[in-house]
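A.B. asks: Sequence isn't available, so here's the structure alone:
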């Protein structure tokens with residue numbers, strides 16, 4: 001037996017001596033994979049972090065109480081417009097993302113000559129709406145007659161001073177009716193009539209105009225018209241249909257209840273923003289900050305330069321200790337080279353981002369996002385609302401866009417996410433998707449409250465030689 005052992009040892013040594021370096025590396029790699037194959041598929045403890053985990057930590061007051069506190073339907077903050085003027089390569093196109101092409105809603109753009117065609121048919125749309133309801137025209141006129149004074153306080157004074165209460169009330173009634181028409185089922189008589197009068201192109205642009213921040217009217221009035229003109233059930237259906245049509249999500253994914261009076265959104269754009277973050281349009285969901293995170297310090301500052309730095313440093317104060325994190329990963333391709341794969345999230349909610357670290361690879365789950373001209377418009381306007389004073393929102397949507405901007409640097413990143421069905425590109429090419437994220441300029445915001453944990457976990461995995469050596473080895477030698 002001893003002789004047999006010596007012969008086996010000699011044979012093994014001779015065999016290894018005859019192999020070149022690449023063969024030795026290959027054999028060692030196979031052996032390592034065999035030993036660790038069982039653990040490869042098991043996630044490590046405490047390495048799964050959900051981005052933007054949200055819980056309702058408080059209920060908002062009713063829309064009426066919010067308005068009574070002096071909150072208004074805002075104009076785009078001048079700081080945002082000034083910043084876009086500095087950084088955008090297409091200044092005119094950038095500003096147009098905040099202004100209506102076809103139709104005005106509310107007083108901010110009312111009376112503009114370029115919007116006369118749509119304005120001229122609003123009374124006709126109202127007549128069709130009334131004919132399909134169980135009520136008379138006088139019923140709706142009387143119902144809205146009392147809202148003029150209240151509506152006046154919801155807009156900037158200089159835009160309502162030229163209208164009487166009666167004129168404002170009629171404006172709201174006609175505008176609410178038009179909004180319902182352009183986002184009704186396309187097979188309905190109401191939508192078909194608008195298409196007949198405007199044409200398909202202008203009809204589509206009118207849908208886009210509903211999503212503008214400066215083109216909002218009080219949600220309460222749209223709700224009142226839906227319930228009185230149709231029914232409570234139809235009102236709930238219409239709002240879900242509007243959200244799904246506007247942002248291309250599955251109808252079953254959106255929930256909400258017209259009865260949730262305390263949490264009603266102030267206008268439709270906010271209902272859209274809530275739905276895309278949490279899936280629930282009629283409730284306010286805020287990030288829960290636990291004891292540990294309550295001690296974190298996130299300084300807000302405006303950067304001097306106009307572009308995002310690829311390495312973003314953050315000092316996190318924990319008691320008397322200061323720990324510094326550097327987010328040095330640049331792009332999807334950069335992460336892929338470190339063994340991090342990409343997979344669509346289980347939902348299309350923009351808050352549904354999760355990173356899981358395994359022994360020798362990582363997995364980043366991202367929500368499916370449809371890149372289109374419409375998505376650029378509603379994102380820029382919803383983010384502008386998040387950045388408005390007194391919006392009573394957190395920066396969930398802004399944080400999502402900032403995260404995506406940090407991992408998309410060129411068309412190769414877009415192609416990888418498109419191959420994984422994370423990005424659905426309805427633009428002309430992948431370069432336009434890169435440009436879309438660049439145009440939504442939030443680089444000057446340095447607040448990682450909502451994506452800090454995900455970035456921290458990715459960076460920890462990215463920096464770990466033990467976790468990334470296998471991906472680098474395979475990428476180098478095979």
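C.D. replies: Here it is on my side, so go on. If you're wondering where the values come from, they're calculated on a predicted model, not measured in any experiment.

A.B. asks: rest of the way, CA atoms for contacts and neighbours
C.D. replies: Will do.

A.B. asks: what residue ranges in the stretch 301-450 of the chain are flagged as low confidence?
C.D. replies: Applying pLDDT under 70 to the stretch 301-450 of the chain flags residues 301-329, 443-450.

A.B. asks: after the one helix or strand residue 207 maps to, next one along is what?
C.D. replies: Assigned by DSSP states H and E, residue 207 belongs to helix 200-209. Next helix or strand after helix 200-209 toward the C-terminus (DSSP H and E): helix 219-229.

A.B. asks: Could I get the average pLDDT for whichever helix or strand comes after that next one?
C.D. replies: Next along the chain after helix 219-229, taking DSSP H and E as the criterion, comes helix 232-247. In this model, helix 232-247 has an average pLDDT of 88.

A.B. asks: rewinding a little: what angle do the helix holding residue 207 and helix 232-247 make?
C.D. replies: Helix 200-209 and helix 232-247 meet at an angle of 100 degrees, taking axes from the mean of the first three to the mean of the last three C-alpha atoms, to 10 degrees as the criterion.

A.B. asks: Please identify the buried residues of helix 200-209?
C.D. replies: 202-209 (16 or more other C-alpha atoms under 10 Å).

A.B. asks: Check what contacts that helix and list those residues.
C.D. replies: 99-104, 182-183, 194-195, 215, 246, 374, 377 (C-alpha atoms under 8 Å, 6 or more residues apart in numbering).

A.B. asks: again, but for stretch 148-159
C.D. replies: 67, 70-74, 107-108, 160, 164-169, 218.

A.B. asks: now the buried residues of helix 200-209 in TSV, with distance to residue 364?
C.D. replies: Shown next, in TSV, are the buried residues of helix 200-209 (distance: C-alpha to C-alpha, whole Å):
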residue	distance to residue 364
202	40
203	39
204	35
205	35
206	37
207	34
208	32
209	35
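
A.B. asks: And the residues you listed, which is closest to residue 396?
C.D. replies: Nearest to residue 396 among the buried residues of helix 200-209 is residue 208, at 22.4 Å by C-alpha to C-alpha.

A.B. asks: if I pick the residue lying closest to residue 242 once chain neighbours are set aside, what's in contact with it?
C.D. replies: In space, residue 242 comes closest to residue 183 once its chain neighbours are excluded; the distance is 5.7 Å by C-alpha to C-alpha, 6 or more residues apart in numbering. The contact partners of residue 183, taken as C-alpha under 8 Å, 6+ apart, are 191, 207, 238, 241-242, 245.

A.B. asks: just these now: which is nearest residue 84?
C.D. replies: residue 207 (24.2 Å).

A.B. asks: In three-state terms, label the closest residue to residue 278 other than its chain neighbours for me.
C.D. replies: With C-alpha to C-alpha, 6+ apart as the criterion, residue 278 has its nearest non-adjacent residue at 6.3 Å, and that residue is residue 349. Recorded secondary structure, residue 349: coil (DSSP: H, G, I helix; E, B strand; the rest coil).

A.B. asks: What does residue 356 show for phi and psi?
C.D. replies: phi -130, psi 130 (degrees, to the nearest 10).

A.B. asks: gap between it and residue 461?
C.D. replies: 9 Å (C-alpha to C-alpha, to the nearest Å).

A.B. asks: Between the two, tell me which one has more neighbours.
C.D. replies: residue 461 (25 against 22; other C-alpha atoms under 10 Å).

A.B. asks: does the more buried one belong to a helix or a strand, and which?
C.D. replies: helix 452-463.
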